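Asker: 3D, please:
(one chain, ligands or ions: 2)
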Amino acid sequence: MPQTLRLILGDQLNPRHSWFRTVDPSAAYVMMEVLPETGYVTHHVQKAAGFFAAMRHFAAQMQAQGHRFIYFRLDDPENRQSFEDNIRSILKSLKFERFEYQLPDEYRLDRQLSIFADSLGIPIAVQDTEHFLTARDEVREFFKQRKTYVMEAFYRHVRQKYGILMENGEPRGGRWNFDAENRESLPPGAAAPAALEFRHDVSDIVEMLARMQVKTIGRIDPANFPWPLSREEALAALDHFLAHHLPHFGRYQDAMAEQHPFLFHSRLSFAMNTKMLAPLEIMEKTLAYWEDNPDSADLAQVEGFVRQVIGWREYLRGIYWAKMPEYAQLNYFNHQNKLPQFYWTGDTRMNCLKQVITQSLDKAYAHHIQRLMVAGNFALLAGVHPDAVDEWYLGIYIDAIQWVEITNTRGMSQFADGGIAATKPYVSSANYIHKMSDYCVSCPYDFSKRHGENACPFNSLFWDFHETHRPLLENNPRIGMMYRTLDKMGKEEREKIRRQAALYKQQIDKL
Ligand SMILES: Cc1cc2nc3c(=O)[nH]c(=O)nc-3n(C[C@H](O)[C@H](O)[C@H](O)COP(=O)(O)OP(=O)(O)OC[C@H]3O[C@@H](n4cnc5c(N)ncnc54)[C@H](O)[C@@H]3O)c2cc1C
Ligand code: SF4
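Answerer: Ligands and ions are numbered 1, 2, ... in the order given. Next up is the predicted model:
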């Protein structure tokens, strides 16, 4: 048997991959922590520590099962700090005759490894990661004959393909979509059950990051790292979610509350994106749990969760592979502004942003609506360059990997793709934030004012955004109504809004 070296990347921690079905004495696996991966953006310290801790755990677990592992820690003296150099050195010294790797999820690494593997001059093989429900090119193929991409159509395709929430070829309950029932704010005084948080000690990794001068953002309690670091822990987190949070998942998935950063969300994205958990098994376990406990949740809650995991996640990944690398350059509105300084500190008087950014720095986590309708909304209204917005999102969240970060940020949130991922820009005035959260109650700004003293910046910036981009947006059927409202305001009011927005943009770092 030729001696084979198999590379495992930091987001390929799938112990159920067919590589590990049996112990193959002719194969060795290599994993490595390298400096370039810590520095292409400034990562949250929990993200850097979490990836390395989960990688180390994975290697140790696989080794205990008898698989041969070669592991480079970031501070190993033999670590050449590059995938290519480390692999070349092992191939040479240990006389491997074949090289294999799993399909990377990032375009950058996909190109890099493909070029590298071709240069090796030995037989190579590339395997699927066996993680996703759809192929890389499935979105592109599915929409080949159509003008636009629509998540709903692809989502229905995936549900039919896997028979998820289907009965005799029809959607269970007679409807595909329960979105309209899933938009409630959290009633005053209500609380969400506690999230399952782990208490890992990752002090050695945090100390190593500092010693190796890895620049990070955010905060960490190294003795109480809360995220799951193994498949077993990820499964426990899923069980906890099904028992405690699924019952209200859909209903409150858009809600935001100062005292409840996680609400009813699953916090499974880190475990999923590192492939400790696969989306299909999450679906199987969710449906099995619901079948055993039919009164625990209604269909709208379950469908809401299914839609996120097999709908949005697979759809956005498909867009990534259909549109990269051009996607990373798109800037539909030609926005050029800098990201306000307070995105790195949380130091702003705008309470919604203060809460969401501070929470993100503390926990490396914000839920979808916080990311979309607070942090992303403001960046878009403020005309920030999508590169700067991407850089922030790619660094700050524990689950941020480019395929899912950029499509959500540049696409869904910033509409920089001109409407590939989403059908309209997700922007709002203070109205939406006030309706869906308790942030406005304790904010020094007045959510009801468009201009004048303490007027909420979201209001003037919202209308100014529509005014500025009228030529690009007016004919969009989903936002035509905004223009009718704007036109009814009258010239004087519109001028006041314009002046207020200009003033706020000038003072953006001080808001
Ligand atoms: C601007 C912006 C940037 C984002 N960046 C990322 C990112 O870097 N990585 C990431 O995994 N998600 C990203 N998302 C999507 C979403 O916000 C997170 O997946 C979610 O908040 C993770 O928390 P959770 O596990 O508690 O999710 P839940 O609300 O419990 O949802 C369950 C699962 O569904 C999947 N999911 C839900 N919404 C989406 C979505 N829009 N796209 C893809 N998968 C989804 C996730 O795997 C998630 O774990 C981003 C969203 C926005 C608006
Ligand atoms: S008033 Fe405006 S700035 Fe303050 S929390 Fe509400 S939306 Fe945010």
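Asker: can you measure across stretch 262-269, start residue to end residue?
Answerer: Using Cα to Cα, to the nearest Å, the end-to-end distance of stretch 262-269 comes out at 13 Å.
Asker: show me the contact partners of it.
Answerer: Outside stretch 262-269, the residues that touch it by Cβ atoms under 8 Å, 6 or more residues apart in numbering are 186, 192, 195, 227, 234, 237-238, 241, 245-249, 251-253, 255-257, 277, 282, 305, 365, 367-368, 398-399. Heads up, the C-betas are built off the backbone N, CA and C, glycines and all.
Asker: restrict these to those near ligand 1?
Answerer: For ligand 1, the contacts drawn from these by Cβ under 6 Å from any ligand atom are 367-368, 399.
Asker: one step back: which of the contacts of stretch 262-269 are buried?
Answerer: For those, a neighbour count by 16 or more other Cβ atoms under 10 Å gives the buried set as 186, 192, 195, 227, 234, 237-238, 241, 245-249, 251-253, 255-257, 277, 282, 305, 365, 367, 398-399.
Asker: how about the residues of the stretch 401-511 of the chain near ligand 1?
Answerer: 404-405, 408-409, 412-413.
Asker: inside helices: which ones of these?
Answerer: With helices identified by DSSP state H, the entries of these that belong to them are 404-405.
Asker: now render the residues of the stretch 401-511 of the chain next to ligand 1 as a markdown table, adding neighbour count and pLDDT.
Answerer: Putting these into a markdown table (neighbours: other Cβ atoms under 10 Å; pLDDT from 0 to 100) gives the following:
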| residue | neighbour count | pLDDT |
| --- | --- | --- |
| Val404 | 20 | 98 |
| Glu405 | 25 | 98 |
| Asn408 | 24 | 98 |
| Thr409 | 26 | 98 |
| Met412 | 22 | 97 |
| Ser413 | 26 | 98 |
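Asker: ok, Arg111 to Pro325 distance?
Answerer: When distance is defined by Cβ to Cβ, to the nearest Å, Arg111 is 8 Å away from Pro325.
Asker: so for these two, which sits in the more crowded spot?
Answerer: Neighbour comparison, Arg111 and Pro325: the larger count goes to Arg111, with 13 against 9 (by other Cβ atoms under 10 Å).
Asker: got a list of contacts for the longest helix along the chain?
Answerer: Ranked by residue count, the top helix of the chain under DSSP H comes out as helix 45-64. Contacting residues not belonging to helix 45-64 are listed as 8, 10-11, 13, 15, 20, 29, 31, 33, 38, 69, 71, 73-74, 200, 202, 205-206, 209, 214, 216-220, 222, 225, 227, 229-230, 270, 274, 276, 363-364, 395-398, 400 [Cβ under 8 Å, 6+ apart].
Asker: can you do 6 Å?
Answerer: Residues from elsewhere that reach helix 45-64, judged by Cβ atoms under 6 Å, 6 or more residues apart in numbering: 10, 13, 31, 33, 38, 69, 71, 202, 205-206, 209, 216, 218, 220, 227, 229-230, 274, 364, 398.
Asker: and Asn337, what's its pLDDT?
Answerer: On the pLDDT scale, Asn337 is placed at 97.
Asker: which residues touch it?
Answerer: Contacts of Asn337 by Cβ under 6 Å, 6+ apart are 382-384.
Asker: ligand 1: which of the residues you listed is nearest?
Answerer: The shortest separation between ligand 1 and any of the contacts of Asn337 is 12.2 Å, and it belongs to Val384 (by Cβ to the nearest ligand atom).
Asker: write down the beta-bridge partners of the closest one, one by one.
Answerer: With DSSP bridges applied, the residues forming beta bridges to Val384 are Asn337.
Asker: quick one: the strands in this structure?
Answerer: 4-7, 27-32, 43-44, 68-72, 98-102, 124-127, 166-167, 170-171, 216-217 (DSSP state E).
Asker: comparing these, which comes out most buried?
Answerer: Mean neighbour count (mean count of other Cβ atoms under 10 Å) peaks for strand 43-44 among these, with a mean of 26.
Asker: report the distance from it to the chain centre.
Answerer: Averaging C-alpha positions (Cα atoms, centre = their mean, to the nearest Å) puts strand 43-44 14 Å from its chain's average.
Asker: could you number the chain from 523 rather than 1 from now on?
Answerer: Okay, using 523 as the starting number, the last item reads as strand 565-566.
Asker: note down every partner strand of it and its orientation.
Answerer: For strand 565-566, using DSSP bridges, the partner strands are strand 738-739 (parallel).
Asker: model confidence over the partner strand, on average?
Answerer: Mean per-residue pLDDT for strand 738-739: 98.
Asker: go ahead and name everything in contact with it.
Answerer: Defining contact as Cβ under 6 Å, 6+ apart, one finds that strand 738-739 is touched by 564-567, 570.
Asker: again, but for stretch 603-623
Answerer: Contact with stretch 603-623 is made by 524-529, 554, 556-557, 594, 602, 635, 638, 642, 644-647, as judged by Cβ under 6 Å, 6+ apart.
Asker: list the buried residues for that stretch?
Answerer: Using 16+ other Cβ under 10 Å as the test for burial, stretch 603-623 gives 603-606, 608-609, 612-613, 618, 620-623.
Asker: give me the residue from the stretch 723-872 of the chain nearest ligand 2.
Answerer: Closest to ligand 2 within the stretch 723-872 of the chain is Met872: 3.6 Å, counting by Cβ to the nearest ligand atom.
Asker: so what's that residue scoring on pLDDT?
Answerer: pLDDT, Met872: 98.
Asker: could I have the ChimeraX command that selects the buried members from the contacts of helix 567-586?
Answerer: Those of these that count as buried under 16+ other Cβ under 10 Å are selected in ChimeraX with:
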select :532,535,553,555,560,591,593,724,727,728,731,738,740,742,749,751,752,796,886,920
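Asker: quick one: which of the contacts of helix 567-586 sit in helices?
Answerer: Assigned to helices by DSSP H, the following of those qualify: 560, 727-728, 731.
Asker: dump the residue contacts of Leu635.
Answerer: Tyr623.
Asker: hmm, back to that, pick the one among the ones in helices among the contacts of helix 567-586 closest to Asp1009.
Answerer: Relative to Asp1009, the closest of those is Thr560; by Cβ to Cβ it sits at 50.9 Å.
Asker: hmm, that closest one is touching Val736, no?
Answerer: Yes: taking Cβ atoms under 6 Å as the definition, Thr560 is a contact partner of Val736 at 4.6 Å.
Asker: near ligand 1, which residues of the stretch 773-922 of the chain?
Answerer: So far as Cβ under 6 Å from any ligand atom goes, the stretch 773-922 of the chain lies against ligand 1 at 787-791, 794-795, 830-831, 834-835, 838, 889-890, 893-894, 898, 915, 919, 921-922.
Asker: among those residues, name the buried ones.
Answerer: Burial of those was assessed by neighbour count (16+ other Cβ under 10 Å); the buried members are 787-791, 794-795, 830-831, 834-835, 838, 889, 893-894, 898, 915, 919, 921-922.
Asker: just flag the most distant two among the buried residues of stretch 603-623.
Answerer: Greatest spatial distance among the buried residues of stretch 603-623 (Cβ to Cβ): Gln603 and Arg620, at 24.6 Å.
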